[in-house]
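Trainee: Generate a structure from the sequence data that follows.
(2 chains)
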Amino acid sequence: MAICNAIVPDKSATGDAFYGSFICNQAYVDYFWNTYGFAGTGTTWQNGFGYEDCCNTDLPLARAFNGCYVLTYSAEDYLNDNYAGACLNWARRYVREHTVTLTAKCDGDGAVARNKGRSGNIELYSPFFYTKNAPGRAETLLHESRHGALSHNAKFPKGSTFGEGKDGADSNWAYNGAWMYGALYLWWYFAQGARTTSAFRQLARQRANVVIDGAFAEHPGYSV
Amino acid sequence: MPVDDAPRVGGNDAFVDKLTITAIHRYPDVTGDERLYRTLIKALAAMTGGGADADKNYQRTIHELGDDAFIDVVLKTLDALEEDEYQERWALIQLAIDLEHPAAGNYLVQFVRRDIPPERSKDPVHGVSTVTEEVILRTTAIEGLARLFRHDYDSSDALLEIVSSAEYTALRRASWFALIDGGRVDAIERARELLRNGGYGWIADLKRIPVHEAEQHNPELINPPKRGDIPPPFNE
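Mentor: Sure, this is the predicted structure:
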């Protein structure tokens, strides 16, 4: 058993102050729990992770639910999750269909989250809850889910913020890897994100651009 | 779905982790004025709100703000934060930008010129890259400078410096597009020359396009894995 400490950022900066008031509803809790891989993982969400207090947005579980809320409802027509449509629509479906379990842990050697052995068993670590805002958690769930199909396959290019020459990039946009899925989600969120603010949409734009500039060995040639 | 509570070989998963909250951050009150501080917190909460009227609420909130005293509070609060409070720092920078107050211009110029602290993360690929967070703060600030051209605040010199010497592609790209948005022809031509001379001429060829014009995911590559398959035989 690992023991970890966490510092909660100001919740008016992360969206948790707002989304927290919405997710404190059994209908949402049941939906997220049974849809996104929480079912059967309850013990990992105990011991301070929020299982016993699932509306408390100081704690990881409610903060994960906030990310699930953004993932589920950020498309205006959220009921349409057809893969032929916008990433904003099908992202929730992709996560739903490719996440077997979603467990909470303290530490993953500095990682935010990992899709263990590309199995669909996704572990969420302390930085997921406390260094990502609510839309950022939604994007991370999509990124990690995508690792069930594809790993990163290239080195980061010159000028990348993730570490030039290190492993962990995708070769190009057409690879359809986790970076592409994440960037595409952020791009659509910037363009058409519903039930959110222009400020969060601008942040999605900035993050999408930094990913486009730094996470592909071959730059896609466009910008958000 | 039945709960899988069979014992695990090695036993590691049987012992779940324990997390303790040691601190809950709040924006520091640098004002000494409770009313002003409450106004700041209200604006930040509106900024990160959700729901059908989220943006309408945010726009209404910032429309009511933006006097000299308030922008001063935003920037002083920003200076009072620790380096690793990335989310709080972003929210204040974005608020300063959305207020579109020319008084923010000098602050943003100083900020984008600041050196980026070295990477603090032990795993910047799978973890939170602090360099990436710092760069996002700066590209956000650069976007603010692009908007301030509309208010006759010209930051071309600072943007040209970044185009010329930034370590990170994202900063050069953001500055290039800010100069394009600023519309000063001489600065754009100088930037193009600097990019070309530095081996980054391709940045000037990047296209800002609507998302629906970008290459979308390939549905044939989605390939959902099957659930509940039996494990493969030993050693295969």
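
Trainee: Which strand in the chain has the most residues?
Mentor: With no chain named, the answer covers chain A. As far as residue count goes, and with DSSP state E defining each element, the longest strand of chain A is strand A:3-8.

Trainee: Not quite, go with chain B.
Mentor: Counting residues, the longest strand found in chain B (DSSP E) is strand B:18-24.

Trainee: Now do the strands in chain A.
Mentor: Remark: strands of chain A, listed N- to C-terminal, are A:3-8, A:101-104, A:113-115, A:121-124, A:154-155, A:167-169, A:222-223; assignment by DSSP E.

Trainee: Just send those strands back as a markdown table, with mean pLDDT, mean neighbour count and distance to chain B too.
Mentor: Where C-beta positions appear, they are placed from N, C-alpha and C, glycine not excepted. Shown next, in a markdown table, are these (pLDDT from 0 to 100; neighbours: other C-beta atoms under 10 Å in any protein chain shown; distance: least, C-beta to the nearest C-beta, whole Å):
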| stretch | mean pLDDT | mean neighbour count | distance to chain B |
| --- | --- | --- | --- |
| strand A:3-8 | 94 | 16 | 4 |
| strand A:101-104 | 97 | 24 | 7 |
| strand A:113-115 | 97 | 21 | 7 |
| strand A:121-124 | 98 | 23 | 10 |
| strand A:154-155 | 98 | 16 | 10 |
| strand A:167-169 | 97 | 19 | 4 |
| strand A:222-223 | 96 | 20 | 5 |
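
Trainee: Turn the ones you listed into JSON lines, including distance to residue B:205.
Mentor: As requested, these are exported to JSON lines (distance: least, C-beta to C-beta, whole Å):
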{"stretch": "strand A:3-8", "distance to residue B:205": "43"}
{"stretch": "strand A:101-104", "distance to residue B:205": "41"}
{"stretch": "strand A:113-115", "distance to residue B:205": "35"}
{"stretch": "strand A:121-124", "distance to residue B:205": "38"}
{"stretch": "strand A:154-155", "distance to residue B:205": "22"}
{"stretch": "strand A:167-169", "distance to residue B:205": "21"}
{"stretch": "strand A:222-223", "distance to residue B:205": "10"}
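
Trainee: pLDDT at the residue sitting nearest the centre point of chain A, what is it?
Mentor: Centroid check for chain A by C-alpha atoms, centre = their mean gives residue A:140 as the closest residue, at 2.2 Å. We note a pLDDT of 98 for residue A:140 in this prediction.

Trainee: How much space separates it from residue B:65?
Mentor: Taking C-beta to C-beta, to the nearest Å as the measure, residue A:140 falls 32 Å from residue B:65.

Trainee: Looking at the strands of chain A, which is nearest to residue B:16?
Mentor: Within the strands of chain A, the stretch nearest residue B:16 is strand A:101-104; the backing value is 8.1 Å (C-beta to C-beta).

Trainee: Alpha carbons of that closest one, as PDB, please.
Mentor: Extracted as PDB, the C-alpha positions of strand A:101-104 are listed here (Å, rounded to 0.1, in the frame of the first residue of the first chain):
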ATOM      1  CA  THR A 101     -11.600  -0.500 -15.300                       C
ATOM      2  CA  LEU A 102     -10.700   2.900 -13.900                       C
ATOM      3  CA  THR A 103      -8.800   2.700 -10.600                       C
ATOM      4  CA  ALA A 104      -7.300   5.200  -8.300                       C
END
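
Trainee: Show me what that strand packs onto, helices and strands only.
Mentor: Applying 3 or more C-beta pairs under 8 Å, 6 or more residues apart in numbering or on different chains; DSSP states H and E, we find strand A:101-104 packed against helix A:60-73, strand A:121-124.
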